[in-house]
Each structure stands twice: as structure tokens, then as C-alpha cells.
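>>> one predicted model, sequence on top.
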Amino acid sequence: NNCTIDQVNSISGKKFICRVPPATAVGPTTIMIIRSLAGSNTRAGSFLYASPVIEGIYPVRGPTAGSTVVYISGSNLNIGNMERTTASVVGQVCMSLNLINTTHVSCTTIPSTEREGNVSMNIDGNIYTGGNNVTFSYVLPSFTSLFDHDNSADGRIIVSGGVTVILNGNNLVAALVPQLSLQTG
């Protein structure tokens, strides 16, 4: 596999810049400099071809409103050009992709409809998808009941306020920073 030399940015006699071709196998590679007049030079094990692997995501669900910071874990997540790397959750490209280390990246979900799907990363134009157990769900919080401090469900609360209320529902964990608003009318 020949590396294509960047003739514009390479410095004759001092530095060659080239874009490596796709690998035929994962593992160490050998670099060989071939010069027709000066002979050749070989350097073994100069770098490794490796593949990113996506192994997990946390949290595994977030609100349909988006803005959930998710942490994607795996291996070799830093091997591509980060300027050309994106992460997608349920087919939606995340905002603010941050490399934490070789095994973790974080990003922020965007709004979506209620659904579940895969987690993937586009690294240098190649798509890497987590296995079937690496999924994220966009969920919509819903409310099932509201009680005052005495657990009476008749819906009456004193006008002076100060009463503790209990709100029950589904997918309330999706509300990362819960806020409740009471409107009188």
C-alpha cells in the first residue's frame, strides 16, 4: 500500500507528509522510504492501524427536548482527526463533541421525537456503531398524579402556599434539571 505524498507541504530532504491508505489488517505497520537514486530505508512498527470500538453510553435515556450530556465509552475513540469526527445518538448528530481520553468522549443531544436507537461515531468518514446493547432512548416525561403533603388527591391546596406537593409520573429521570411551574387562573 503506497502512501500518497503531499508534494506541496513536504519539505524536500527533511519531511514527507502523506495520507495513509486504508489498512488490510489491524496491527503494526512498517514504513519504507523508497528513493530511486538514494536507495531505501525501512522502519518497522512506526504506527498501528486500529479500529474504534463503541462499548457503552451513559445515561441511556434523555428528554425529547435534548440537551442531555452523554458519555460514550469504548476504545481507540481518539485515533481520527477530531475536526472530522462526529457522534450520533439515535441518528441525530450531537452538539459539542469533546474528547475526554482514548476511551471516552462526551457530547450533547439535540431535540428529537420519542424513540430509541443506536449510538455511532463518524471518524474520518467511516461509521462505527455500538452493538445492540449500546442504545439511547429519547423519552417524554409524563405525570400520573399530584398529591399534597397529606397524600390527599382532591387537588385542593391552601392559598397561602408553603405546602409540599408530590408529583408522580413516568420518565421523570429524563428531566435532568427538573423545574415545575404553577399557573393559577
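Right, received. Where do you want to start? Everything quoted here is computed from the prediction, not taken from an experiment. Numbers count the residues shown, from 1 in each chain.

>>> and the residue nearest the centre of this structure?
A87 (4.2 Å; Cα atoms, centre = their mean).

>>> I100 belongs to a strand?
Yes: secondary structure of I100 (DSSP: H, G, I helix; E, B strand; the rest coil): part of a strand.

>>> circling back to that earlier point, so the residue nearest to the centre of the chain touches I127, yeah?
No: the criterion here is Cβ atoms under 8 Å, and A87 misses it with I127 at 11.0 Å. Yep, even glycine has a C-beta here, placed from its N, CA and C like the rest.

>>> who touches both of those two?
Residues touching both A87 and I127 (Cβ atoms under 8 Å, 6 or more residues apart in numbering): S120, M121.

>>> pLDDT score for the closest residue to H104 other than its chain neighbours?
Distances taken as Cβ to Cβ, 6 or more residues apart in numbering place S73 nearest to H104, at 5.4 Å, with adjacent residues excluded. The per-residue pLDDT reported for S73 equals 98.

>>> and stretch 62-74, how far out from the chain's middle?
8 Å (Cα atoms, centre = their mean, to the nearest Å).

>>> look up how far A65 lies from the residue nearest to P141 when sequence neighbours are not counted.
In space, and not counting its chain neighbours, P141 is closest to N171: 4.8 Å by Cβ to Cβ, 6+ apart. Separation of N171 from A65 (Cβ to Cβ, to the nearest Å): 12 Å.

>>> before we move on, back to that, from memory the residue nearest to P141 sits against P59, does it?
No: counting by Cβ under 8 Å, N171 does not reach P59; the two are 11.8 Å apart.

>>> show me which of those two is the more surrounded one.
Comparing N171 with P59 by other Cβ atoms under 10 Å, the one with more neighbours is N171, at 17 against 14.

>>> mind listing what the more buried one touches?
R61, P63, V139, L140, P141, S142.

>>> how close does T144 get to L167?
Taken as Cβ to Cβ, the span from T144 to L167 is 9 Å.

>>> so for those two, which sits in the more crowded spot?
Counted by other Cβ under 10 Å, T144 and L167 do not tie: L167 has more neighbours, with 13 against 9.

>>> quick check: mean pLDDT of the helix or strand where that one lies?
Applying DSSP states H and E as the criterion places L167 in strand 165-170. What strand 165-170 shows for mean pLDDT is 81.

>>> adjacent strands (with direction) for it?
strand 142-148 (antiparallel) (DSSP bridges).

>>> may I have the partner strand as CSV, with CA atoms only?
The C-alpha atoms that make up strand 142-148 are tabulated as CSV, following Å, rounded to 0.1, in the frame of the first residue of the first chain:
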residue,chain,number,x,y,z
SER,A,142,-45.3,12.3,31.8
PHE,A,143,-47.3,13.0,35.0
THR,A,144,-49.7,10.5,36.5
SER,A,145,-50.7,12.1,39.8
LEU,A,146,-50.2,15.1,42.1
PHE,A,147,-50.6,14.9,45.9
ASP,A,148,-50.3,17.4,48.7
